[in-house]
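*Asks:* coords below, sequence missing:
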DNA sequence: CTTGGGACCTGGCTGC
DNA sequence: TGCAGCCAGGTCCCAA
């Protein structure tokens, strides 16, 4: 699933292909993508160029040479590729002035495209960027201590920290040796310090590995990411923990599967 | 404030 | 071989 490392990889690899380029042609194959925005509105982007490509949480923001910005969220199964064939799951494609074709593919049709004047109307509620300078130990501890909820629920709340999804929440908690159900209010300062460093190292390692190609995620050029090869708990139910050999378990938390080692992450 | 559930969505899997 | 039923999880929404 596209989480922060996947969206960041897409951003950096797309950047040289789209920066400064004009939209020449826009084709929406699945109008559901636009969430009710008339397709004709989106056509007004034709002739505008990409001034800046930004990631905020799991959102990708195309700042254009107009007062509107194009925002894409890939949700569960979306990806963005350049110059591929238009396939069964292609929902939209964009032709750019350098002849790059940008294709939005999405098997499960949950991905969305917004066109807005004020990007804050979409991303304004998002919490702190975990790889930014604004995310410090003290900020993290203050944010966590405001809540009394299971730590994994807190990590998944995009309005607290932006960009962590199910896979990297599990990996971070394993790295810090913290059980996903432990309440934020019962964790020690040392627990938070440890988890803070785990979040940063898990996310930055995954960015360096170009994201995790589980299910439908591919990089813009079609290549796979390799972060999945380094997963220690995510999607490893029943397999032995690399540290202690105990079989990895899975529990349900707010309708999401949570993978953890019952021995390394005691409750 | 928090929790739990449902909705969206469909490919892929299981089991009969 | 077919088909029903369930699962995957990012985000939003509603009821309790």
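*Replies:* That came through, no problem. What you are looking at is a predicted structure, and each value in this text was computed from that prediction instead of being measured. Residues are numbered from 1 along each chain as shown, chains lettered A, B, ... in the order given.
*Asks:* so where do the strands sit in chain A?
*Replies:* Here chain A has its strands, by DSSP state E, at A:23-28, A:50-56, A:59-64, A:69-73, A:78-82, A:90-96, A:101-106, A:112-116, A:249-253, A:256-260.
*Asks:* could I get the full set of helices for chain A?
*Replies:* Assigned by DSSP state H, chain A shows helices spanning A:4-18, A:39-42, A:120-123, A:137-145, A:151-156, A:166-176, A:189-208.
*Asks:* tell me which strands and helices the last one is in contact with?
*Replies:* Judged by 3 or more CB pairs under 8 Å, 6 or more residues apart in numbering; DSSP states H and E, the packing partners of helix A:189-208 are helix A:4-18, helix A:137-145, helix A:166-176. Placement of C-beta: from N, CA and C, glycine included.
*Asks:* got these as CSV, with distance to DNA strand C columns?
*Replies:* CSV is the format used below for those (distance: least, CB to the nearest atom of the strand, whole Å):
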stretch, distance to DNA strand C
helix A:4-18, 9
helix A:137-145, 16
helix A:166-176, 3
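*Asks:* before we move on, back to that, give me whichever of the strands of chain A is most buried.
*Replies:* strand A:78-82 (a mean of 23; mean count of other CB atoms under 10 Å).
*Asks:* one step back: tell me which of the helices and strands packed on helix A:189-208 sits most buried.
*Replies:* The most buried one of those (mean count of other CB under 10 Å) is helix A:166-176, showing a mean of 25.
*Asks:* that one near DNA strand B anywhere?
*Replies:* No: using CB under 7 Å from any atom of the strand, helix A:166-176 stays clear of DNA strand B, coming no nearer than 12.6 Å.
*Asks:* which parts of chain A sit against DNA strand B?
*Replies:* So chain A meets DNA strand B at A:32, A:76, A:107-110, A:146-150, A:153, A:254-255 (CB under 7 Å from any atom of the strand).
*Asks:* can you list the residues of the stretch 1-150 of chain A near DNA strand C?
*Replies:* So the stretch 1-150 of chain A meets DNA strand C at A:1, A:3, A:57-59, A:73, A:75-76, A:108, A:110 (CB under 7 Å from any atom of the strand).
*Asks:* pLDDT-wise, what's the bottom of those residues?
*Replies:* In terms of pLDDT, the weakest of these is residue A:1, which scores 81.
*Asks:* just to revisit the earlier point, Throw the strands of chain A into TSV and include distance to residue A:233, thanks.
*Replies:* Shown next, in TSV, are the strands of chain A (distance: least, CB to CB, whole Å):
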stretch	distance to residue A:233
strand A:23-28	39
strand A:50-56	26
strand A:59-64	27
strand A:69-73	26
strand A:78-82	24
strand A:90-96	32
strand A:101-106	27
strand A:112-116	30
strand A:249-253	9
strand A:256-260	4
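*Asks:* which among the ones you listed is found nearest to residue A:210?
*Replies:* Nearest to residue A:210, of all the strands of chain A, is strand A:78-82, at 12.8 Å by CB to CB.
*Asks:* and that closest one, what does it pack against?
*Replies:* On a contact count with 3+ CB pairs under 8 Å, 6+ apart, strand A:78-82 meets helix A:4-18, strand A:101-106.
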